[in-house]
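Undergrad: pasting the sequence and the predicted coordinates here, then a few questions.
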There are 2 protein chains.
Amino acid sequence: MKPRGLMVIIDGLGDRPLEEFGALTPLEAAVKPNLNRLASEGITGLVDPVAVGVRVGTDVGSLALFGYNPLRVYWGRGPIEAEGVYLELKPGDVAFRANFATVDEDGRIVSRRAGRIRSGTAELAEVLDGMRLDDEAVALFRAATEHRAVLVLRGSRLSPLVTDSDPGQLGEGLKPLTIRARISGAPAAERTALLANEFVRRAGEILAKHPVNIERKRKGLLPANHILLRGAGVRKHMRPLSERFSISCACVVAESTIVGIARMAGFDVFTSERFTANTDTDVEGKMEMALEALKRYDLVVVHYKGTDIVSHDAKPEDKRAFIERIDAAVGKVLERVEGLDLYIGVTSDHSTPCALREHSADPVPVLLWGRDVLRDDVAEFGERACARGGLCRITANGFLLTLLDYLGVTYRYGS
Amino acid sequence: MKPRGLMVIIDGLGDRPLEEFGALTPLEAAVKPNLNRLASEGITGLVDPVAVGVRVGTDVGSLALFGYNPLRVYWGRGPIEAEGVYLELKPGDVAFRANFATVDEDGRIVSRRAGRIRSGTAELAEVLDGMRLDDEAVALFRAATEHRAVLVLRGSRLSPLVTDSDPGQLGEGLKPLTIRARISGAPAAERTALLANEFVRRAGEILAKHPVNIERKRKGLLPANHILLRGAGVRKHMRPLSERFSISCACVVAESTIVGIARMAGFDVFTSERFTANTDTDVEGKMEMALEALKRYDLVVVHYKGTDIVSHDAKPEDKRAFIERIDAAVGKVLERVEGLDLYIGVTSDHSTPCALREHSADPVPVLLWGRDVLRDDVAEFGERACARGGLCRITANGFLLTLLDYLGVTYRYGS
């Protein structure tokens, strides 16, 4: 029986002590008998996504968990998002991460996420897709998860060296920024900035009149009447993980960023309408689909986004509750692993302390469970308990490679 | 309230078990209720200055604690010492770390530090400063802390690729070495070696007759009648830490090496005549000045040199006593932090085991204390206690970045 690996990624899992939990973190405060069982029967540790003290985004942290060196392969979120909506980039294409947003009559940002719009975005995207910007450039536009979307500029003389229109975290109340070339006087970058600004202007006009937005206003919801752009980039070559280790890989996921990374890494992607990139996802359904996939794939990754979302919203109670639902789903897996030679890794892409409402550089707790791992003394899955674990403190790359090594698919360096 | 950071560097802190302390280290044997309180309320760990098993000097270890990669920015101690005495290097200058030393009539080294001379060195340096070596080269010479000094060769066709005249630790009884080009046949290096040897010869003649030395002999003290040179180097570009993270930084320090590094890193440097780079410094005064600086600076570093000095002199009792004085000063800080959102880091640049009288590669114990750190089970600040700490084992760079991450000034890599 060939060993199989299940890697559970709990986005933004790590946290800091909270007064309301008696100086425990949401994970430490959670009732999680199954994760504790895995920790107790397995080996635990801490993982730094890239390096100690380096704060990362979901894109960079996940690239590292999927085995890549972000310093080599990462250039902006745009190309990952494009891959995530199955929009295949051609050489020369420049991709942007986009947000459906709401601006007021003065053009000031009311909501960077159009009140976290969750439906109707496909229809909105459709009317923007294919917009001709000049004789040599066209805009491709696709809706992604929730308020997220992707803009690809396709044509001649384009460059990713342009700034964002999205003013970021504290941008509400401000006007969107004008996109500019990062290198002044570079013709392709100047041209790309012009085309992107033109797209934003025309998109705003079109969206304002769209039936979806008229309906939203009627219901008292914020209209998605503006597109914020950021993370311009081009596709870099990434050797698929599946090819590098000659393994079959699957990913059960809803969030488009992870879909993009998984696809780039050579994973088959499985999703369902019941799966969201939020806490209302079908937690157990994801795990069931992963178990199903384990019958045919060597490595299966399941990704849960909800923990990160509620951390950004400073809702530690929701974080704890979501962790408890994941724990229950892990319990169902454990009931059904009989006869499988299964290794389970539980990890995260980065920490998102609720009190910070932002990612931090704190390492994340991890565990690795399976037949012949060097079980340590740690009997609890938590930030502090895992600091005493047998894996000590390693990187996300190191964690994946360790899991793959237990699967027996890594190569010997040297003879 | 913006968070502030205080980093206390205790030079050469780490040690090994000593019989006279019942197999404890000087730090473990010290009575240190305040450092223990910080350890107990904070998170602890071990720090390798650069990498596991790599023995470093104060210059390299401190560069790492200030956020630099010594492999990139370090080329000899000379340029750091020059910066430490506010001697601004021009392109082409070659700087040497110098020692006032004592040689006998046969030219053999009696003391590499002129009996740890502590006064009169400014007057001695003055007569050497500005010495013309040939038509195109002049020697600039400045006294630094205690027996330390700086020689800068300024002129045309100079190279840092030359050897030391200082035979090092076990050099007493030997004659100073002739400085040579590290690459034979390289004209600039050959020329630089010639000029440096010429400086040493003439400096010896001048110093022998100097009133300061005549007076020293009269008092039975060793005369500073020779200049030992080492660590030739040129200035490399270093992006100031203050600029990299957009923070204001101050350093409270006496030793010129640390002054140099702090200045290169963009720190404002504060010192006082009461501060020495030895155990007779005003331990509490330094901490008071640091507290004062914390009102205006985001990050304040306080540096204590005494622990390293007494370790080189194999005086564990003095080491323990000096640690206890630092502990008392920490206690005064803790009485006055009310109302500050303060993070305190306690660390060291390297270990200097007393029994070795030399730096070792042993990692140093560290702690990080502040509002929301993941407090671990460690209740004592010591080499072995901290090995069980929640930070696990990290590098000096990682330690600084972690402190900066708590201050909320680091950047997110990725989106």
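TA: Nice, thanks for sending it over.

Undergrad: return the helix or strand in chain A with minimum mean pLDDT.
TA: helix A:70-73 (a mean of 91; mean pLDDT, DSSP states H and E).

Undergrad: which elements pack onto that one?
TA: Other helices and strands packing on helix A:70-73, by 3 or more CB pairs under 8 Å, 6 or more residues apart in numbering or on different chains; DSSP states H and E, are helix A:58-65. C-beta here means a position set from N, CA and C on the backbone, and glycine is covered the same way.

Undergrad: which residues sit against the helix it packs on?
TA: Applying CB atoms under 8 Å, 6 or more residues apart in numbering or on different chains, the contact partners of helix A:58-65 are A:7, A:9, A:11-12, A:49-50, A:56, A:70, A:73-74, A:77, A:80, A:257-258, A:261, A:308, A:347-350, A:395-397, A:399-400, B:413-415.

Undergrad: part of a strand, is A:Tyr343?
TA: Yes. Using DSSP: H, G, I helix; E, B strand; the rest coil, the assignment for A:Tyr343 is a strand.

Undergrad: so what's it bridging to?
TA: For A:Tyr343, the beta-bridge partners under DSSP bridges are A:Gly5.

Undergrad: which ones are touching it?
TA: Neighbouring residues of A:Tyr343 by CB under 8 Å, 6+ apart: A:3-6, A:368-371, A:373, A:403, A:406-407.

Undergrad: just the buried residues of those residues.
TA: By the neighbour-count criterion of 16 or more other CB atoms under 10 Å in any protein chain shown, the contacts of A:Tyr343 include these buried positions: A:3-6, A:368-370, A:373, A:403, A:406-407.

Undergrad: which of those fall in helices?
TA: Secondary structure assignment by DSSP state H places A:403, A:406 of those in helices.

Undergrad: residues from chain A in reach of chain B?
TA: With CB under 8 Å from any CB of the partner chain as the criterion, chain A meets chain B at residues A:16-17, A:23, A:25, A:46, A:50-61, A:63, A:70, A:74, A:76-77, A:97, A:230-231, A:353, A:355-356, A:358-362, A:383-384, A:387-388, A:392-393.

Undergrad: ok, now with 7 Å
TA: With the criterion set to CB under 7 Å from any CB of the partner chain, chain A comes near chain B through A:16-17, A:46, A:50-57, A:59-61, A:70, A:74, A:77, A:97, A:230-231, A:355, A:359-361, A:383-384, A:387-388, A:392-393.

Undergrad: what's the neighbour count on A:Val94?
TA: For A:Val94, the neighbour count with other CB atoms under 10 Å in any protein chain shown is 29.

Undergrad: in chain A, what residue lies closest to chain B?
TA: With CB to the nearest CB as the measure, A:Gly53 is the residue of chain A nearest to chain B, at 2.4 Å.

Undergrad: for the longest strand seen in chain A, packing partners?
TA: If you go by DSSP state E, chain A has its longest strand at strand A:94-103. In terms of contacts (3 or more CB pairs under 7 Å, 6 or more residues apart in numbering or on different chains; DSSP states H and E), strand A:94-103 is packed against helix A:78-84, strand A:109-111, strand A:148-155, strand A:226-233.

Undergrad: any chance of JSON lines for the ones you listed, columns mean neighbour count?
TA: JSON lines is the format used below for the helices and strands packed on strand A:94-103 (neighbours: other CB atoms under 10 Å in any protein chain shown):
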{"stretch": "helix A:78-84", "mean neighbour count": "29"}
{"stretch": "strand A:109-111", "mean neighbour count": "18"}
{"stretch": "strand A:148-155", "mean neighbour count": "24"}
{"stretch": "strand A:226-233", "mean neighbour count": "25"}
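
Undergrad: quick one: closest of those to A:Arg239.
TA: Nearest of the helices and strands packed on strand A:94-103 to A:Arg239, taken as CB to CB: helix A:78-84 at 14.8 Å.

Undergrad: identify the residues contacting the closest one?
TA: Residues from elsewhere that reach helix A:78-84, judged by CB atoms under 7 Å, 6 or more residues apart in numbering or on different chains: A:59, A:89, A:95-97, A:144, A:148, A:150, A:152, A:231-235, A:256-257, A:259-261, A:263-264.

Undergrad: and stretch A:130-141, by the same measure?
TA: So stretch A:130-141 is in contact with A:87, A:125, A:128-129, A:149, A:151-156, A:195, A:198-199, A:202, going by CB under 7 Å, 6+ apart.

Undergrad: chain center to it, what's the gap?
TA: The chain centre lies 28 Å from the centre of stretch A:130-141; the measure is CA atoms, centre = their mean, to the nearest Å.

Undergrad: what's the span of it from first residue to last?
TA: 7 Å (CA to CA, to the nearest Å).

Undergrad: what's the average pLDDT for that stretch?
TA: Mean per-residue pLDDT for stretch A:130-141: 97.

Undergrad: which parts of the stretch 151-300 of chain A are strands?
TA: Under the criterion DSSP state E, counting those that start in this stretch, strands of the stretch 151-300 of chain A are mapped to A:226-233, A:249-252, A:268-270, A:299-304.

Undergrad: so which elements touch the second one?
TA: By that I understand strand A:249-252. Using 3+ CB pairs under 7 Å, 6+ apart, strand A:249-252 is in contact with strand A:268-270, helix A:283-293, strand A:299-304.

Undergrad: of these, flag the one that's most buried.
TA: strand A:299-304 (a mean of 28; mean count of other CB atoms under 10 Å in any protein chain shown).

Undergrad: can you name the element that comes right after that strand?
TA: Using DSSP states H and E, the helix or strand that follows strand A:299-304 towards the C-terminus is helix A:306-312.

Undergrad: ok, A:Asp362 touching A:Gly14?
TA: Yes. A:Asp362 is in contact with A:Gly14 according to CB atoms under 7 Å; the separation is 5.0 Å.

Undergrad: intersection of neighbour lists for these two?
TA: A:Ser351.

Undergrad: who has more neighbours, those two?
TA: Between A:Asp362 and A:Gly14, counting by other CB under 10 Å, A:Gly14 is the more crowded of the two (30 against 27).

Undergrad: who's in contact with that one?
TA: Neighbour list for A:Gly14: A:348, A:351, A:362-365, A:383 [criterion: CB under 7 Å, 6+ apart].

Undergrad: quick one, grab the pLDDT at it.
TA: A:Gly14 is given a pLDDT of 98.

Undergrad: now it. Nearest residue, chain neighbours left out?
TA: Of all residues not flanking A:Gly14 in the chain, A:Ser351 sits nearest, at 2.8 Å (CB to CB, 6 or more residues apart in numbering or on different chains).

Undergrad: what does A:Gly370 give?
TA: With sequence-adjacent residues excluded and distances taken as CB to CB, 6+ apart, A:Gly370 is closest to A:Tyr343, at 3.5 Å.

Undergrad: one more: A:Thr178?
TA: That would be A:Asn197: by CB to CB, 6+ apart, it lies 6.0 Å from A:Thr178.
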